[in-house]
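**Student:** here's my sequence, what's the structure:
(one chain, ligands or ions: 1)
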Amino acid sequence: MYQLVLVRHGQSTWNKENRFTGWKDVPLSERGLDEAKKAGQMLKAKGIEFDTVFTSVLRRAIITSNNILEEMDLSWLPVQRNYRLNERHYGGLQGLDKSETAAKHGEEQVLIWRRSFDTPPPAMSVDDPEHPCNDPRYAGLDARALPNAESLKCTIDRVLPYWHDAIAPALKAGKKPLVVAHGNSLRALVKYLENYSDEAIMGINIPTGMPLLYTLDENFQVVSSEYVGDPEEVAKLMAEVAAQGKAK
Ligand SMILES: O=C(O)[C@@H](CO)OP(=O)(O)O
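**Tutor:** You can find the predicted model right below:
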């Protein structure tokens, strides 16, 4: 049996402001920092152990993992950061207010952009200073691999090679990994692990700062999955994420 823990970063400043975030490298809000610390405390209280860590290259995931590890006296663990765990790239929507976008384009359109399986949001221009090709952290990558916008399907295509090349081999080698990533990069992994249909994954919202504990069998089939945390709080945070696309 394998133990796998997935954590979405704590609330970011743009989550708080209800803005589409994607690859924009925003910090945690005060609440988000608190959520990260609580996640570490909950994992420690439950006796969960880690010996390796995977995060994205975005600070909201990095700072969340640092705080979880700090609370667990595990700051010394090796951490691998990879852009493949980044949030889904939100293209031309990045920075826009989700409720204002719903008021302008309709809640149904925003739901399609946020949760459909294969409809990408409008693309970001390569001339945009915010485009990843202008960001030094992606300088080592083939520019053609850098997205202008991603659907969940595109995100799965980006995330899964990292699962197969790094996370699954770590599990097979007997490691207990902590994976700290993002709402949609984790939905990509959860869809794969749980074998959710393209329709079923539309209804899945991952709460901030709530560890999701999987037990997998030797073929990586899910034996059990549970959020470590108060179920009422988990449900409240999931509903909060779902409601972000409503017009006010
Ligand atoms: O804005 C984003 O990048 C994501 C996660 O915060 O939002 P959503 O839940 O709307 O896909």
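**Student:** check which helix or strand Phe54 maps to.
**Tutor:** strand 52-55 (DSSP states H and E).
**Student:** repeat for Lys153
**Tutor:** Lys153 belongs to helix 152-162, assigned by DSSP H and E.
**Student:** could I get the average pLDDT for that helix?
**Tutor:** Across helix 152-162, the average pLDDT comes to 98.
**Student:** ok, and for the strand holding Phe54, which residues are buried?
**Tutor:** Thr52, Val53, Phe54, Thr55 (16 or more other CB atoms under 10 Å). For the C-beta atoms, the positions are set from N, CA and C on the backbone; glycine is no exception.
**Student:** buried residues in the helix or strand immediately after it in the chain?
**Tutor:** For strand 52-55, the following helix or strand on the C-terminal side (DSSP H and E) is helix 59-71. Residues of helix 59-71 classed as buried by neighbour count (16+ other CB under 10 Å): Arg59, Arg60, Ala61, Ile62, Ile63, Thr64, Ser65, Asn66, Asn67, Ile68, Leu69, Glu71.
**Student:** go on, stretch 197-216?
**Tutor:** Under the neighbour-count criterion of 16+ other CB under 10 Å, stretch 197-216 has 201-202, 204-214, 216 buried.
**Student:** residue contacts, the closest residue in space to Arg31 that isn't next to it in sequence?
**Tutor:** In space, and not counting its chain neighbours, Arg31 is closest to Gln11: 4.8 Å by CB to CB, 6 or more residues apart in numbering. Neighbour list for Gln11: Leu28, Ser29, Arg31, Gly32, Glu35, Thr208, Gly209 [criterion: CB atoms under 8 Å, 6 or more residues apart in numbering].
**Student:** now do Pro147
**Tutor:** Residues near Pro147 by CB under 8 Å, 6+ apart: Trp23, His89, Gly91, Pro132, Cys154, Arg158.
**Student:** over to Leu141?
**Tutor:** Tyr83.
**Student:** just give the nearest non-adjacent residue to the spatially most central residue of the chain, would you?
**Tutor:** Most central in the chain under CA atoms, centre = their mean is His182, positioned 1.3 Å from the mean C-alpha point. Nearest residue to His182 in three dimensions, chain neighbours excluded: Glu87, at 3.7 Å (CB to CB, 6+ apart).
**Student:** how many residues are close by that neighbour?
**Tutor:** Residues lying near Glu87 (other CB atoms under 10 Å) number 26.
**Student:** the ligand versus that one, what's the distance?
**Tutor:** Distance, Glu87 to the ligand, by CB to the nearest ligand atom, to the nearest Å: 5 Å.
**Student:** you'd agree that residue is in a helix?
**Tutor:** No: using DSSP: H, G, I helix; E, B strand; the rest coil, the assignment for Glu87 is coil, not a helix.
**Student:** that one against Gly183, yeah?
**Tutor:** Yes: under the criterion of CB atoms under 8 Å, Glu87 makes contact with Gly183 at 6.8 Å.
**Student:** returning to that earlier point: helices and strands around the strand holding Phe54, which ones?
**Tutor:** Judged by 3 or more CB pairs under 8 Å, 6 or more residues apart in numbering; DSSP states H and E, the packing partners of strand 52-55 are helix 59-71, strand 79-81, strand 177-181.
**Student:** quick one: closest of the ones you listed to the ligand.
**Tutor:** Nearest of the helices and strands packed on strand 52-55 to the ligand, taken as CB to the nearest ligand atom: helix 59-71 at 9.0 Å.
**Student:** now the angle from that closest one to strand 177-181?
**Tutor:** Counting by axes from the mean of the first three to the mean of the last three CA atoms, to 10 degrees, helix 59-71 lies at 140 degrees to strand 177-181.
**Student:** thanks again, I'm all set now.
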